[in-house]
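Chemist: Sequence first, predicted model second:
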Amino acid sequence: MPSLCHSHIHLDKCFIYDRCNCINGDFPEALKLTAEAKQQFPQNQGDLIQRGRRLIHESIECGVTAMRVHVEVDEFVKFSCLEAALSLKAEFRSACHVQISVFAQEPLFSTANDDAPGSNFALLETALRKYGNIESVGSAPYVEPTITQAKMNIRLVLELAVRHDLHLDFHLDYNLDPASEPLIFEVVSRVQEVHRQPTSEHWRKHVTIGHATRLQLFTPEEWHKLIMRIGDLHITLVGLPNSDLYMQGRADAHKPLGAPRATLRVPQLVRQHGLQVAMSVNNVGNAFTPQGSVDPLALCTLGVAIFQAATPEDIHALACSVTSASKRAMGLNAPGRMSIEAGDTADLLVMHHSRSLADVVLNPSYDRTTIRGGVVVSSRHTVSRLSAPRNDRRSIAYVGVLLLVGLWWLRKECI
């Protein structure tokens, strides 16, 4: 089958949950605790690289050959996360396409009264001027103090993408508030404006919208409106189930059914609206997402339950969401099929013991071989040893020897 892809994963803040003293686990607390943890990143470059290396290595073992990694640039971390990502990109260049997306998690505007962006935006500009090997730029407009500043955030980051000819990636509409304005329409309108400008004919990069949980509240009429607005723009929605389900809908915890299934319904959106929709892991082991592994196929298995989707068509949509759709979200060329044909790029995943695509999605095998560019870059296999109890003299003698060795060691320690 085609190899797997992380279309949205954070390289710099993975595996730090043990450093976060979570009390209630909500989103404001996650932002606060992560910001506190980030302040130590510049003094621990080795730790940044070690954690990032683990994330990439485990991802390749799962079958990932391409990933968009978000690395933050702001007053807390300066360029430390970006420099770690550049080092890891070079280290893994033969095994995985590590696409760096410079990301502004923190607000670009310091206060609600500011008309101009502050130091975080200046650092973002500097990063794009100073460093090469960056392919994407993004932000989280929802962290801005006001809706007006959130829209200015979108405009500013889009201008950076056009100026530096980069892909565009927004973490957007991360709420379930029916009273909040869906900012995806602002993104679409701004991108369309750019495309209409004669001076911007060269910029036809991909636009990716992550989270977008607010869209779950759309009526059929609102979905139709969005689809008409998108038209032929290259836009992919990326659902992030592990994070979305953990964070969203907490206000409904007291209701009989609890929190809603607050993540983009991938199979339904593909089937009913023909949208480009991917799924990705987002975070691993931090206050935003304490649980889960780096395996994209685990999202497919989870998706079968939360989307109630196990028909052959659903299985195909789920598998595509972590392969071809995710690669297209990165701006890569990928056919929208799960079959392998002559002439395809030889970025492949062999799922040992899986007899069908349904097996891969419903119960993915641990045993896998990852191939990139026709070369095996990873192979992992289980080692299983199950021995039935044996009541014979040899077994009894073996246990006796172990007991004697243990007693000798204890006596030695006591002396």
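Modeler: That came through, no problem.
Chemist: So Gln105 is in contact with Tyr142, correct?
Modeler: No - if you go by Cβ atoms under 8 Å, Gln105 and Tyr142 don't touch, sitting 10.6 Å apart. All C-beta atoms are positioned from the backbone trio N, CA, C, and that covers glycine.
Chemist: which residues are in contact with both of these two?
Modeler: Listed as contacting both Gln105 and Tyr142 by Cβ atoms under 8 Å, 6 or more residues apart in numbering are His171.
Chemist: And these two? Which one has more around it.
Modeler: Taking neighbours as other Cβ atoms under 10 Å, Gln105 and Tyr142 compare with Gln105 leading, 24 against 20.
Chemist: Tell me where the model's unsure across the stretch 151-300 of the chain.
Modeler: Scanning the stretch 151-300 of the chain for pLDDT under 70 picks out 200-201.
Chemist: if we go to 90?
Modeler: Residue ranges of the stretch 151-300 of the chain with pLDDT under 90: 196-204, 253.
Chemist: need the helices for it, in chain order.
Modeler: Secondary structure of the stretch 151-300 of the chain (DSSP state H, counting those that start in this stretch): helices located at 184-196, 220-230, 241-247, 266-273, 296-306.
Chemist: out of these, nearest to Asn120?
Modeler: Comparing those against Asn120 with Cβ to Cβ, the closest turns out to be helix 184-196 (19.7 Å).
Chemist: after the helix or strand where Ile56 lies comes which helix or strand?
Modeler: For Ile56, the element it lies in under DSSP states H and E is helix 45-62. Remark: after helix 45-62, the chain's next helix or strand is strand 64-72, criterion DSSP H and E.
Chemist: residues making contact with whatever helix or strand comes next after that next one?
Modeler: In the C-terminal direction, the helix or strand that comes right after strand 64-72 (DSSP H and E) is helix 80-91. Residues outside helix 80-91 that contact it (Cβ under 8 Å, 6+ apart): 11-12, 41-42, 45, 48-49, 52-53, 56, 69, 71-73, 98, 100, 102, 127, 131, 133-134.
Chemist: For helix 80-91, C-alpha coordinates in PDB please.
Modeler: Taking Å, rounded to 0.1, in the frame of the first residue of the first chain, the C-alpha atoms of helix 80-91 are listed here in PDB:
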ATOM      1  CA  SER A  80      15.700  27.000  18.800                       C
ATOM      2  CA  CYS A  81      12.900  24.700  17.600                       C
ATOM      3  CA  LEU A  82      13.500  25.600  14.000                       C
ATOM      4  CA  GLU A  83      17.200  24.900  14.200                       C
ATOM      5  CA  ALA A  84      16.500  21.500  15.800                       C
ATOM      6  CA  ALA A  85      14.000  20.700  13.000                       C
ATOM      7  CA  LEU A  86      16.600  21.700  10.300                       C
ATOM      8  CA  SER A  87      19.100  19.400  11.900                       C
ATOM      9  CA  LEU A  88      16.700  16.500  12.000                       C
ATOM     10  CA  LYS A  89      15.500  17.100   8.500                       C
ATOM     11  CA  ALA A  90      19.100  16.700   7.300                       C
ATOM     12  CA  GLU A  91      19.600  13.600   9.500                       C
END
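Chemist: pLDDT of that helix, averaged?
Modeler: The average pLDDT within helix 80-91 is 98.
Chemist: Run through the strands of the chain in chain order.
Modeler: 4-10, 64-72, 97-104, 136-139, 167-172, 207-211, 235-239, 277-279, 348-351, 368-372, 375-380 (DSSP state E).
Chemist: contacting residues around Thr34?
Modeler: Lys13, Ile16, Cys20, Gln105, Asn286, Ala287, Phe288.
Chemist: for the fourth one, what are its contacts?
Modeler: Think Gln105. Thr34, Glu72, Asp74, Ser139, Ala140, Val143, His171.
Chemist: Try it again at 6 Å.
Modeler: Glu72, Ala140 (Cβ atoms under 6 Å, 6 or more residues apart in numbering).
Chemist: From His224, how far out is it?
Modeler: 33 Å (Cβ to Cβ, to the nearest Å).
Chemist: measure Ala319 to Gln99 for me?
Modeler: For Ala319 relative to Gln99 (Cβ to Cβ), the value is 21 Å.
Chemist: now do Phe185
Modeler: Taken as Cβ to Cβ, the span from Phe185 to Gln99 is 27 Å.
Chemist: higher neighbour count, those two?
Modeler: Gln99 (22 against 15).
Chemist: which residues does the more buried one form a beta bridge with?
Modeler: Arg68 (DSSP bridges).
Chemist: correct me, but it touches Arg68?
Modeler: Yes - here Gln99 lies in contact with Arg68, judged by Cβ atoms under 6 Å, at a distance of 4.6 Å.
Chemist: what is in contact with those two at once?
Modeler: Met330.
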